[in-house]
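K.L.:
Give the three-dimensional model of this entry:
(one chain, ligands or ions: 2)
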Amino acid sequence: MSFRETPDYVDIMALILGIESSCDETAAAVIDSDGASLATRVVAQIIASQDEAHRPYGGVVPEIAARAHVEVLSPLIGRVLAQAGLRLDQMDAIAATAGPGLIGGVMVGLVTGKALAMAAGKPLIGVNHLEGHALSPRLADPTLDYPYLLLLVSGGHCQILEVRGVGQYRRLATTIDDALGEAFDKTAKILGLGYPGGPAVERLAREGDAKAVPLPRPLLGSAEPHFSFAGLKSAVMRAKLAGVHRDADIAAAFQQAAIDCVIDRLRGAIVRTSGMTALVVAGGVAANQALRGALETSANEAGLRLVAPPLMLCTDNAAMIGWAGAERLALGLIDPLDMAARPRWPLDAAAEAVRGAGVKG
Ligand code: KG4
Ligand code: ZN
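P.N.:
Ligands and ions are numbered 1, 2, ... in the order given. Next up is the predicted model:
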């Protein structure tokens, strides 16, 4: 990506307007990079979910998403500034998600960010959505230092990364087929739980017995560092079609199998790193309490502290985009107004492609 060095931005307190529109949430936030805690750093945030619009289709429809972002974003930015009691010209920079994600939505947010930056004469920061997730734990926990080991689990991504600093990522694992959130969503669909599926599967799993349905744990114990959930998803489908299991048991068994796979892959990654300050989880699936419990045990075993941001920072939001913008601004990393939106944008550009190259990032 391109940027301009602007040393005069280094280490100054900054107010950032963050904009997020890469999937099915339209969000805007005002971030005060000088705040000492999450509460004072997020001056205001509004998240408008499109769940209702996509529910009849059982997944996100890109065209519907893009149209909804167009309708909602501008008034939402006006409201978030009003809520913060600040004007656009008081912002030090505008940070908008520039990818990866659904290109229509990304363009709506980025073009809006560019227009506001141009109108107010403020720097633009095009944020990688994944960097937003990756740095969000630092927004929540001011004591979290680089480098840390990050499990990034969302609807589109499933990766383990070494986060060494802003823009410095080493990918240790990714998925060769489905992302973890996608596996939750597909399981929800198979069980008729509707969209979005992750929270519904977690709720139902609480009433089920994970041992009642035998399900595979793809790649468990293998030297391969990556994730695979396609086989697990097919097994969930077969278990449902067999017609002999309770849905709650299938949900519980799926969730446990998926978590076992994650913990196994994570163990391998922990062995391949050293000097990590913490084990950190981010992305929508980080909202899952059962996963958090398993990660806590795993972190304890490895002698690492677990940092799991509050739920509102796990699923898509604009505070994390504003925060990533603040971290970039502090380093003078701003972007030109002709910056292009990127539907695909891996955090570790040097990472080798894996089987299943259809997966974003
Ligand atoms: O980060 P996110 O909001 O959007 C993407 O960038 O993908 O993640 C959304 C994903 C969805 O797949 C959703 O089902 C999953 O996170 N998710 C959960 C839970 N809450 C959200 N999965 C499992 N358990 C949850 N409690
Ligand atoms: Zn996300």
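
K.L.:
okay, CA-based contacts and neighbour counts for the rest of this
P.N.:
Will do.

K.L.:
quick one, helices of the stretch 151-300 of the chain?
P.N.:
180-190, 197-205, 230-242, 247-271, 289-302 (DSSP state H, counting those that start in this stretch).

K.L.:
okay, those, which one's buried deepest?
P.N.:
Highest mean neighbour count of these: helix 180-190, a mean of 24 (counted as mean count of other C-alpha atoms under 10 Å).

K.L.:
can I get the CA coordinates of that helix in CSV?
P.N.:
Coordinates of each C-alpha in helix 180-190 appear next as CSV, following Å, rounded to 0.1, in the frame of the first residue of the first chain:
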residue,chain,number,x,y,z
LEU,A,180,-14.6,-20.7,11.4
GLY,A,181,-17.5,-18.2,11.4
GLU,A,182,-18.6,-19.6,8.1
ALA,A,183,-18.6,-23.1,9.6
PHE,A,184,-20.8,-21.8,12.4
ASP,A,185,-23.1,-20.1,9.9
LYS,A,186,-23.4,-23.2,7.7
THR,A,187,-24.2,-25.4,10.8
ALA,A,188,-26.9,-22.9,11.7
LYS,A,189,-28.3,-23.1,8.2
ILE,A,190,-28.3,-26.9,8.3
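
K.L.:
Distance of residue 78 relative to residue 324?
P.N.:
21 Å (C-alpha to C-alpha, to the nearest Å).

K.L.:
actually residue 111, not the one I wrote
P.N.:
The value you get for residue 111 to residue 324, if C-alpha to C-alpha is used, is 18 Å.

K.L.:
now that we're looking at the residue sitting nearest the centre point of the chain, which residues does it contact?
P.N.:
Centroid-nearest residue in the chain: residue 283, 3.2 Å away (criterion: C-alpha atoms, centre = their mean). Taking C-alpha atoms under 8 Å, 6 or more residues apart in numbering as the criterion, residue 283 is in contact with 133, 152-154, 314-316.

K.L.:
Which ones among those also lie next to ligand 1?
P.N.:
154, 315-316 (C-alpha under 6 Å from any ligand atom).

K.L.:
what's the closest of the residues you listed to residue 23?
P.N.:
In terms of C-alpha to C-alpha, no member of these lies closer to residue 23 than residue 316, at 8.2 Å.

K.L.:
Is the lowest-mean-pLDDT helix or strand in the chain in proximity to ligand 1?
P.N.:
The weakest-scoring helix or strand in the chain, judged by mean pLDDT, DSSP states H and E, is helix 51-54 (a mean of 79). No: judged by C-alpha under 6 Å from any ligand atom, helix 51-54 makes no contact with ligand 1; its nearest approach is 11.1 Å.

K.L.:
Could I get the CA-only coordinates of that helix as PDB?
P.N.:
Provided in PDB are the C-alpha atoms of helix 51-54 (Å, rounded to 0.1, in the frame of the first residue of the first chain):
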ATOM      1  CA  ASP A  51     -29.300  -8.600   9.700                       C
ATOM      2  CA  GLU A  52     -33.000  -8.100   9.000                       C
ATOM      3  CA  ALA A  53     -32.400  -7.300   5.300                       C
ATOM      4  CA  HIS A  54     -30.300 -10.400   4.700                       C
END
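
K.L.:
hmm, who's touching that helix?
P.N.:
24, 60-61, 64, 195-196.

K.L.:
Point out where this structure drops to low pLDDT.
P.N.:
1-12, 355-361 (pLDDT under 70).

K.L.:
one more time with 80
P.N.:
1-13, 50-51, 53-54, 57-59, 61, 64-65, 195-196, 355-361 (pLDDT under 80).

K.L.:
which parts of the stretch 151-300 of the chain sit against ligand 1?
P.N.:
So the stretch 151-300 of the chain meets ligand 1 at 154-156, 181-182, 184-185, 196-199, 202, 283-285, 287-288 (C-alpha under 6 Å from any ligand atom).

K.L.:
How far off centre is the helix or strand that contains residue 111?
P.N.:
Assigned by DSSP states H and E, residue 111 falls within helix 103-120. For helix 103-120, the separation from the chain centroid amounts to 20 Å (computed by C-alpha atoms, centre = their mean, to the nearest Å).

K.L.:
Enumerate the positions of it that are buried.
P.N.:
103-114, 116-117, 120 (16 or more other C-alpha atoms under 10 Å).

K.L.:
all strands for the protein, in order.
P.N.:
Under the criterion DSSP state E, the chain contains strands at 15-20, 25-32, 42-49, 93-99, 124-128, 148-153, 158-165, 168-173, 279-282, 306-307.

K.L.:
Dump those strands into JSON lines; add distance to residue 209 and mean neighbour count as well.
P.N.:
Output for those, formatted as JSON lines (distance: least, C-alpha to C-alpha, whole Å; neighbours: other C-alpha atoms under 10 Å):
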{"stretch": "strand 15-20", "distance to residue 209": "38", "mean neighbour count": "32"}
{"stretch": "strand 25-32", "distance to residue 209": "33", "mean neighbour count": "28"}
{"stretch": "strand 42-49", "distance to residue 209": "32", "mean neighbour count": "21"}
{"stretch": "strand 93-99", "distance to residue 209": "39", "mean neighbour count": "31"}
{"stretch": "strand 124-128", "distance to residue 209": "39", "mean neighbour count": "30"}
{"stretch": "strand 148-153", "distance to residue 209": "24", "mean neighbour count": "26"}
{"stretch": "strand 158-165", "distance to residue 209": "26", "mean neighbour count": "23"}
{"stretch": "strand 168-173", "distance to residue 209": "30", "mean neighbour count": "20"}
{"stretch": "strand 279-282", "distance to residue 209": "26", "mean neighbour count": "27"}
{"stretch": "strand 306-307", "distance to residue 209": "27", "mean neighbour count": "20"}
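
K.L.:
That concludes my questions; thank you for your assistance.
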